[in-house]
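Engineer: After the sequence you'll find the predicted model.
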Amino acid sequence: MMQAMKCASGVERLEQAIGILHARGGSRSSEAVYVAGMGAPSLAARRGARALESRLSRLTTPRELEERQRFEHDVHEGLSRAPKSLPSLYFYDARGSELFRRIMDLPEYYLTRVEREILEQHGPRIAAPFAGSPCDVVDLGAGDGAKTRILLTHLGRVGSQVRYIPVDVSEDALLTVLSACEEELPWLDAEGVVAEYAEGIRWLAGRDRSRRRLVLLLGSNIGNLDDEAARAFFRSLREALCPGDHVLVGFDLVKDVGVLQPAYDDAAGVTAEFNVNLLRRINRELHGSFELGAFRHFATFSPVRRAMESYLLSLRRQTVRVAGREYSFEAGEPIHTEISRKYREAAVSPLAREAGFVEVGHLFDERRLFLDALWRVDAGGERD
């Protein structure tokens, strides 16, 4: 009982750190999109998804009016700043999700392919600590779950009694993930949690502690945070877990700008359309008057911040109305829409140590473009 109380004690602090993730906007890997060649669920699976609603725990009740009010508030707040900004959280309407599916299929976009390679190659090592024992796989921002299913397969092969718990604010995304799991991994025990990350972890902290946890933060979600916020996030996550639990975190690594730049500004212009689509959504949902042709996508790498940054540049002096308010733009004035931090390998180990995790290993793709870090929680904060 005392150990369970200690494990739950950090959940309140986790809530604050995870709030930063949501405020900054989820990474590109956080939405429900379907990727060619990556085990996407069939049409039949998606049509049957509604039958799986009994496997959902709803900690967040969708309220369309409240969501619109939050969208309007965030847009007004961002456009009132200097410099102006818009949260990348709002990229993913239906068209945005479809455009991102196309981005993930582009030859320039390496991130999904290389992390898939890591999970295929190093899956047995990740699964080994859970061989023959009960394990809850908690997937924060599950998306379509395609990469996670690679890891779930490896856990099944080593005899782990797996319970898969994807956590996402999108009920439709979770139903699709559960349907795909039922189709591809019929042996798997799976249940979804409709919640913000903090709510989901609060719920899990009170669950059966006889089952160890493997918490996943795949893709480059952590790249949305600056160094201070990332450290706060990991400290709070550590406090919410117990000895024997593991965490697998994706870090996109610093690399040649010739590789980075095309991934965020592809030759076909799909990423540009993805960025401009945010203005289209504002026009549709908030009665905006953005002239789409009067803004241009611009992506650049900041060597100081070690980050790819995306903007929408005003091509001329203009005034735009959004939900009854007016915003003036000078020619060349940017709207910041996305940041994706890139890490040096040497910067990953201090994040683990400062948060109180023990490093198990750094797992790379063949070209060392991406790193999945596997960390463990030890009793008493012991180190290897």
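Structural biologist: The structure has been received and is ready for your questions.

Engineer: roughly how far is stretch 107-119 from the heart of the chain?
Structural biologist: When distances are taken as C-alpha atoms, centre = their mean, to the nearest Å, stretch 107-119 is centred 15 Å away from the chain's centroid.

Engineer: buried ones in it?
Structural biologist: When burial is assessed from 16 or more other C-beta atoms under 10 Å, stretch 107-119 yields the following buried residues: 108, 109, 110, 111, 112, 113, 114, 115, 116, 117, 118, 119. Bear in mind the C-beta positions are built from the backbone N, C-alpha and C, glycine included.

Engineer: got a pLDDT number for residue 300?
Structural biologist: At residue 300, the model reports a pLDDT of 97.

Engineer: Correct me if wrong, but it is in a strand.
Structural biologist: Yes: assessed by DSSP: H, G, I helix; E, B strand; the rest coil, residue 300 belongs to a strand.

Engineer: now it: how far from residue 336?
Structural biologist: To residue 336, residue 300 is 11 Å away according to C-beta to C-beta, to the nearest Å.

Engineer: min pLDDT across the buried residues of stretch 107-119, which one?
Structural biologist: Confidence by pLDDT is poorest for residue 112 among those, given 91.

Engineer: So that residue sits against residue 147, correct?
Structural biologist: Yes: when contacts are counted by C-beta atoms under 8 Å, residue 112 is listed as touching residue 147 (7.4 Å).

Engineer: how would you label residue 143: helix, strand or coil?
Structural biologist: When states are read from three-state DSSP, the local structure at residue 143 comes out as coil.

Engineer: burial of it, as a residue count?
Structural biologist: Other residues near residue 143 number 29, with proximity taken as other C-beta atoms under 10 Å.

Engineer: Next: the one 3 residues further on.
Structural biologist: Other residues within reach of residue 146 by the criterion other C-beta under 10 Å amount to 22.

Engineer: again with residue 168
Structural biologist: Residue 168 is surrounded by 27 other residues when neighbours are defined as other C-beta under 10 Å.

Engineer: Of residue 300 and residue 336, which one has the most company?
Structural biologist: Taking residue 300 and residue 336 together and counting by other C-beta under 10 Å, residue 336 has the greater number of neighbours (17 against 14).

Engineer: pretty sure residue 338 is in a helix, no?
Structural biologist: No: using three-state DSSP, the secondary structure at residue 338 is strand, not a helix.

Engineer: which ones are touching it?
Structural biologist: Contact analysis of residue 338 by C-beta atoms under 8 Å, 6 or more residues apart in numbering lists 25, 88, 91, 275, 308, 309, 310.

Engineer: gap between the second one and residue 165?
Structural biologist: Between residue 88 and residue 165 the distance is 25 Å, computed by C-beta to C-beta.

Engineer: and residue 216, what element?
Structural biologist: When elements are defined using DSSP states H and E, residue 216 is found to belong to strand 212-217.

Engineer: The helix or strand just after that strand - contacts with which helices or strands?
Structural biologist: Using DSSP H and E, the helix or strand that follows strand 212-217 towards the C-terminus is helix 227-239. The elements that helix 227-239 packs onto, with contact taken as 3 or more C-beta pairs under 8 Å, 6 or more residues apart in numbering; DSSP states H and E, are helix 11-24, helix 345-355.

Engineer: Now tell me what touches the helix or strand just after the last one from outside.
Structural biologist: Read that as helix 345-355. In the C-terminal direction, the helix or strand that comes right after helix 345-355 (DSSP H and E) is strand 358-364. Strand 358-364 is contacted by residues 118, 121-122, 125-126, 129, 246, 345, 348-349, 352-353, 370-378, 382-384 when judged by C-beta under 8 Å, 6+ apart.

Engineer: what angle do strand 358-364 and helix 345-355 make?
Structural biologist: Here strand 358-364 points in a direction 160 degrees away from that of helix 345-355 (axes from the mean of the first three to the mean of the last three C-alpha atoms, to 10 degrees).

Engineer: can you pull the buried residues of strand 358-364?
Structural biologist: 359, 360, 362, 363, 364.

Engineer: same deal with stretch 140-154?
Structural biologist: Those buried within stretch 140-154 under the rule 16+ other C-beta under 10 Å are 140-154.

Engineer: nearest to residue 268, of the buried residues of strand 358-364?
Structural biologist: Nearest to residue 268 among the buried residues of strand 358-364, counting by C-beta to C-beta, is residue 364 at 28.6 Å.

Engineer: Can you list the low-confidence ranges for the stretch 51-200 of the chain?
Structural biologist: Low-confidence segments of the stretch 51-200 of the chain, defined by pLDDT under 70, are located at 51-56, 58-65, 170, 197-198, 200.
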